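[1] Got a sequence here, can you model it:
(2 chains, ligands or ions: 3)
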Amino acid sequence: MTQQPRTWHANEAELRALADGVAGPALGASVESHLMRCGACRARMNDLVDGVLLDSVWSAIRETVEAPRPSVFERLLRKFGVSAESGRLLVAVPAMRGAWLIGATAALLFAGGAALFASGFGLALFLLVAPLVPVMGVAAAYGGDADPSHELVVTTPYSAGRLLLLRTAAVLATSLPVAALVGLALPGPAWLAVAWLIPGLAFVSLSLAAAPFVGATVSSGAVAATWSAIAIAVSKIGDPMDLAGPAVQVGSLVLCAAAVTTILTHFRLFDLPRGQT
Amino acid sequence: MSSVILTGLGKRYGRAPALTGVDLRLSSGVTGLLGPNGAGKTTLLRILATALAADEGQVRVFGQNPADTAGRLAIRRRLGYLPQESGFPRGFTAFGFVDYMAILKEWSDRAARHAEVRRVVGLADLTAVATKRVHALSGGQRRRVLLAQALIGRPDLLVLDEPTTGLDPQQRARLRDILSTAGETATLVISTHQTEDVAALCERVIVLDQGRVHFDGSVEGLISSAAGRVWLATDRHPEAQHAWRIGTGRWRNVGDAPADVEVVDPTLEDAYLLLVGDRARETEKEVVA
Ligand SMILES: Nc1ncnc2c1ncn2[C@@H]1O[C@H](COP(=O)(O)OP(=O)(O)O)[C@@H](O)[C@H]1O
Ligand SMILES: [Mg+2]
Ligand SMILES: [Zn+2]
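    Numbering: from 1, shown residues only, chains lettered A, B, ... in the order given. Ligands and ions are numbered 1, 2, ... in the order given. The predicted model follows:
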């Protein structure tokens, strides 16, 4: 329901109903928004109620009028049990906005489609792209490249490492299910749908571990380039299925463990000002 | 007790020095940082705000060393920072952005946080546009959104890099009011190109040029350094460093006054121009020699 702007002033009965908390929602909202704009009615309201009560009414009014309406994403996050505060921290970076998620889904659907129609080459393409999607998500969630207010954020007491892990978790929570769904639709054994999972986690942690040193754009770019080169070479000289084979899985597991250890032991690096290592 | 102590501070970008041998002590009150473009003001303020690490020398803020983790965190808990430039996350409203910063500043209780956000949004005169998207605001309003977030939680150290850019005279006057109130208890450092801001606000002024401190003292002290070097005449004087025609049709000359001229009281701007101008001429002589 939309509120027509009132062209008249609030009468005494309406003000008293609002002050006593007995105004209905429609009347309340209409008088409240009028009070936001009209000093004269605010002054009359002031005479009706004592100062303390007025303060609390007034701040409740301002709370509903001024506090940001959560975005679609923030409301969705609330549904999944994410606190309003964490939600706000998440939507500040591109990784948690519609455009990025649509892009990631499109890339996966494209690779999945290729796998359906051109099985050998297409499968290789899917196995190449799927683990890189969360890596790109990390690049869209980290520091100066992704956050235009990074200079300010880094000077707050909030741990930048914690912020990054929070955002990474959100990237994984949104991109992994999509990749798994696309994978399930592919021909071949069902485990193919998740064969890229360990490589994907390894690449994410590798990008994170290197990010404090070279920045997330460079680190995730380097990871993506290296994996692409390996994947292309493997599918040229051998079987694309090797990209999901035991060598890749074990290698990824080792990489993942090493990268996670580095992140945990160097956690404070994320909070460093520029120019200090 | 000084809240900020800098000793032998140095910073270079690549091989080019941006700050050299800066020794400063700051305590509560408003300190103005003046200097031409590229003097190193922003570099100095970024180091104070723990956004940039120094290469040389010692930095102590509230006795803490920003180079170690615990010290840096302790400083950040007492800091408000207005950077010279900052972007905003897409889609955030003015209120939403300040709220976001308050969350990062550890205001986890929602009701208390929103009350604080409303307070600083009001101080920065943004209540009427609080629900507008930051990207739809004017340059001056965006500047004030950044100011609002710096004021969250009444910080003990306020570092403001060119806070008056983009503000009209009324907003400037209001900002002066806010800052002078804050300066009664907190340590405030502001950089500006506007000598009037410094004259109006600051007990203390520091002039930085080419990465070095060239003046550090009271505003009156800097003004009196120009005594006898400003005069009125019917023409531009050939020896004057700066001269301009004032409203009455006479010329205000700034430089080394010849004998028998009508010397007038210098302003802070005159003194600042002379200090920087004298420095430039000295450098020229050194280069020639
Ligand atoms: N990020 C940077 N990289 C390289 N040089 C820089 C950087 N920031 C500043 N400088 C250089 O350092 C010097 C001081 O700059 P700055 O501190 O911004 O001065 P101010 O704020 O007084 O204008 C200038 O010569 C500037 O070109
Ligand atoms: Mg600057
Ligand atoms: Zn009215």
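[2] Spell out the residue ranges of the helices in the stretch 151-277 of chain A.
    Assigned by DSSP state H, counting those that start in this stretch, the stretch 151-277 of chain A shows helices spanning A:160-184, A:197-214, A:216-237, A:246-265.
[3] Would you mark the buried spots in the third one?
    Within helix A:216-237, the residues that qualify as buried by neighbour count (16 or more other Cβ atoms under 10 Å in any protein chain shown) are A:216, A:217, A:219, A:220, A:221, A:223, A:224, A:227, A:231, A:234, A:235. Every residue, glycine included, has its C-beta placed from N, CA and C.
[4] now do the second one
    Judged by neighbour count using 16+ other Cβ under 10 Å, the buried positions of helix A:197-214 are A:197-212.
[5] Repeat that for the last one.
    Using 16+ other Cβ under 10 Å as the burial criterion, the residues of helix A:246-265 that qualify are A:248, A:249, A:252, A:255, A:256, A:259, A:260, A:262, A:263.
[6] do that helix and chain B meet at all?
    No: using Cβ under 8 Å from any Cβ of the partner chain, helix A:246-265 stays clear of chain B, with a minimum separation of 13.3 Å.
[7] relative to its centroid, which residue of chain B is most remote?
    residue B:260 (38.3 Å; Cα atoms, centre = their mean).
[8] Just the element for that residue, please.
    For residue B:260, there is no host helix or strand (DSSP states H and E).
[9] Report the contact partners of it.
    Contacts for residue B:260 were tallied using Cβ atoms under 8 Å, 6 or more residues apart in numbering or on different chains; there are none.
[10] how far away is the residue lying closest to residue B:73 once chain neighbours are set aside from ligand 3?
    Spatially, and ignoring its direct neighbours in sequence, residue B:73 is nearest to residue A:157 (5.7 Å; Cβ to Cβ, 6 or more residues apart in numbering or on different chains). Counting by Cβ to the ion, to the nearest Å, the gap between residue A:157 and ligand 3 amounts to 43 Å.
[11] Tell me how many other residues surround residue A:157.
    Neighbours of residue A:157 under the rule other Cβ atoms under 10 Å in any protein chain shown: 16.
[12] That one against residue B:72, yeah?
    No: Residue A:157 sits out of contact with residue B:72 when judged by Cβ atoms under 8 Å, with a separation of 9.0 Å.
[13] how about low-confidence regions in the stretch 151-277 of chain A?
    For the stretch 151-277 of chain A, residues meeting the criterion pLDDT under 70 lie at A:274-277.
[14] dump the residue contacts of residue 270.
    Because you didn't say which chain, this covers chain A. A:159, A:160, A:161, A:164, A:211, A:212.
[15] wait, I meant chain B there
    Residue B:270 neighbours (Cβ under 8 Å, 6+ apart): B:223, B:226, B:229, B:230, B:254.
[16] hang on, the fourth one packs against residue B:256?
    The one in question is residue B:230. No: applying Cβ under 8 Å, one finds residue B:230 not in contact with residue B:256, separated by 10.7 Å.
[17] Quick check: closest non-adjacent residue to residue B:148.
    Excluding its sequence neighbours, the residue lying closest to residue B:148 (Cβ to Cβ, 6+ apart) is residue B:124, at 3.9 Å.
[18] thinking again about what came up before, which of the buried residues of helix A:216-237 are close to chain B?
    Among the buried residues of helix A:216-237, not one lies near chain B by Cβ under 8 Å from any Cβ.
[19] How is the chain divided into domains?
    Went with chain A since none was named. Domain ranges of chain A: A:12-66, A:72-276, per automatic domain parsing.
[20] that's the wrong chain, I wanted chain B
    Domain ranges of chain B: B:1-78+B:155-218, B:89-154, B:223-288, per automatic domain parsing.
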